[in-house]
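[1] how would this look folded up:
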Amino acid sequence: MTLSIPKQYTLAELIYGLDDVVLRGDPDCKITGVATLQQAGSAQITFLTNPLYKKYLTATQAAAVILTPHDAKDYKGSVIISSNPYYIYAKIAGFFEQKKHRHSGIHPTAIIGEHCNIHTSVSIGPYCVIRDGVKIAERVVIDAGCIIEEEVEIAADTRIDARVVVYPQVKIGKSVRIASGAVIGSDGFGYARHKAKWQRIPQLGRVIIGDEVEIGANTTIDCGAIDDTIIGAGAKLDNLIQVGHNVRIGEDTVIAGCTGIAGSSVIGKGCMIGGGSGIAGHITLADNVVITGMTAVSKSIREPGIYSSGVGGVVANQEWRKNSARVHRLEQLMERVKALEAILQKMEES
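    I've put the predicted structure just below:
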C-alpha cells in the first residue's frame, strides 16, 4: 500500500500572486491543511468571516488566521490580512483539495460513435457512450457511465462526473464542472391543448453552457423549444435544480438547490437565488437581484435588491420583514380593535 504524503506549503507560497493580502508573521511557516477556528491544529490555517465565531479567535491553535484589517488589530498570532477573508480562504483551500487524477485515454468498455473528434489528452471512463459527431477538446474528463449524445461539443478542461447524460447538440464551454446525475438538454415541458387532449410540441432548441459554469448533482436543464436555453459564463448551479426550456441565466449568477425556473424566464447577471425558490415562466429578473430562500417569484423584477415572499407574492425584503412582524401581532391588534369597538358602542348608546 502506498501512503500519500501530506501536502505542505509555506505561508509565502500560499499567498503568492494574490492581491489585497498582507502577511504578518513568519513567511516560512509550514501549512499542511485548512480547518475551522475551533478545530485547527498548529500546522493548519483558518479564517474568520462570521462575527458569531469571533469568540473562538483568541483560543484557536491555528498556525495562521485569515482576517479583515479590523479583526487583525488585536490578534497576536500570524495573520493574513485581507478585506475579503472568505475569498482568500477559497484560493488557499485549493492547494489542499484532493483532486482525482485520470490518465488520458479511452476505457476499453466505452463505446465511441463515428466521425468523433476526441483529443488525445481526453479521459473517457468505463461504460461511457459517445455518439456520432461528438467533439471533445483538450484535457476533458468524462467519468464512468456517461452518455454523450450526437454532435455535442465539449471545450477544454471540462470535467463531467459519473452518470451524466448530455443530449444532442449541447455546447459546453471551457472549465465546466458537471456533477453526477445531471441531465443536460432533455425535452422541455411543452404541450398544446386540443379537444381535451395534449399534443407534444417538438423541442428544437439546444442548451449552451458558458465557460467556468458549475452544475450540481441531479440538476436538469431542458433544451429550448425554439430558441436555445443559455447558462452564462461563471454561473453556479447547486444540486436538484430544474431549468425550463428557453431560460437564460446571466453570467456569474448563483442558484441554490431545489430551485425551479419555469420556461422562457430571463435571469440577469450576478444574481443570487436562495434554495427552494420558484420562478414563474416568461418573467425577467434584473442584474444583481437577490432572492431569499423559499421565495415564489411570480412577476418580473426590474431593479436590483433583496426580495422575499410569503402571503401576497414577492415584495422588497424590507417590506416583507415589516409585514411578517405585523402578522405575529395580529392577535394583539384584534384585541385592540375589539376594545375600540366596545368603546365606540358605549359612546353611541350614551
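
[2] now residue 53: closest residue in space that isn't a chain neighbour?
    Excluding the flanking residues, the one nearest residue 53 by Cβ to Cβ, 6 or more residues apart in numbering is residue 37, at 5.6 Å. Backbone N, C-alpha and C define where each C-beta goes, glycine included.

[3] how about the contacts made by that neighbour?
    When contacts are counted by Cβ atoms under 8 Å, 6 or more residues apart in numbering, residue 37 touches 46-48, 53, 56-57, 60, 62, 65.

[4] of all these, which two lie farthest apart?
    With Cβ to Cβ as the measure, no two of these lie farther apart than 53 and 62, at 12.4 Å.

[5] so these two - more neighbours on which side?
    Using other Cβ atoms under 10 Å, the more surrounded residue of residue 53 and residue 62 is residue 62, with 25 against 15.

[6] does that one touch residue 77 like I think?
    Yes - contact criterion Cβ atoms under 8 Å: residue 62 and residue 77 qualify, at 7.5 Å.

[7] quickly list what's touching both of these two.
    What both residue 62 and residue 77 touch, as defined by Cβ under 8 Å, 6+ apart, is an empty set.

[8] helices of this protein, residue ranges please.
    For the chain, applying DSSP state H gives helices covering 11-15, 69-72, 85-93, 317-327, 330-349.

[9] closest one to residue 199 among those?
    Closest to residue 199 of the helices of the chain, according to Cβ to Cβ: helix 317-327, at 40.6 Å.

[10] find the nearest non-adjacent residue to residue 262, please.
    residue 281 (3.4 Å).

[11] give the contact list for the one you found.
    244, 262-265.

[12] check residue 93 too.
    By Cβ under 8 Å, 6+ apart, the contact set of residue 93 is residue 34.

[13] what pLDDT does it get?
    Note on residue 93: pLDDT of 97.

[14] neighbours of the residue nearest to residue 133 when sequence neighbours are not counted, how many?
    Among residues not flanking residue 133 along the chain, residue 151 sits closest, at 4.4 Å (Cβ to Cβ, 6+ apart). Close neighbours of residue 151, defined as other Cβ under 10 Å, add up to 17.

[15] what distance do you get for residue 151 to residue 202?
    Residue 151 sits 17 Å away from residue 202, going by Cβ to Cβ, to the nearest Å.

[16] just the pLDDT for the residue nearest to residue 262.
    In this model, residue 281 is scored at 98, pLDDT.

[17] same deal with the one 10 residues further on?
    Reading off the per-residue confidence, residue 291 sits at a pLDDT of 98.

[18] mind listing what it touches?
    271-274, 277, 279, 285, 297, 307-308, 314.

[19] again, only this time at 7 Å
    273-274, 277, 297, 307 (Cβ atoms under 7 Å, 6 or more residues apart in numbering).

[20] my guess is residue 125 meets residue 107, correct?
    Yes - look at residue 125 against residue 107 with Cβ atoms under 7 Å: they come within range, at 5.5 Å.

[21] neighbour count for these two, which is higher?
    Neighbour tally, residue 125 and residue 107, criterion other Cβ under 10 Å: the higher count belongs to residue 125, 20 against 13.
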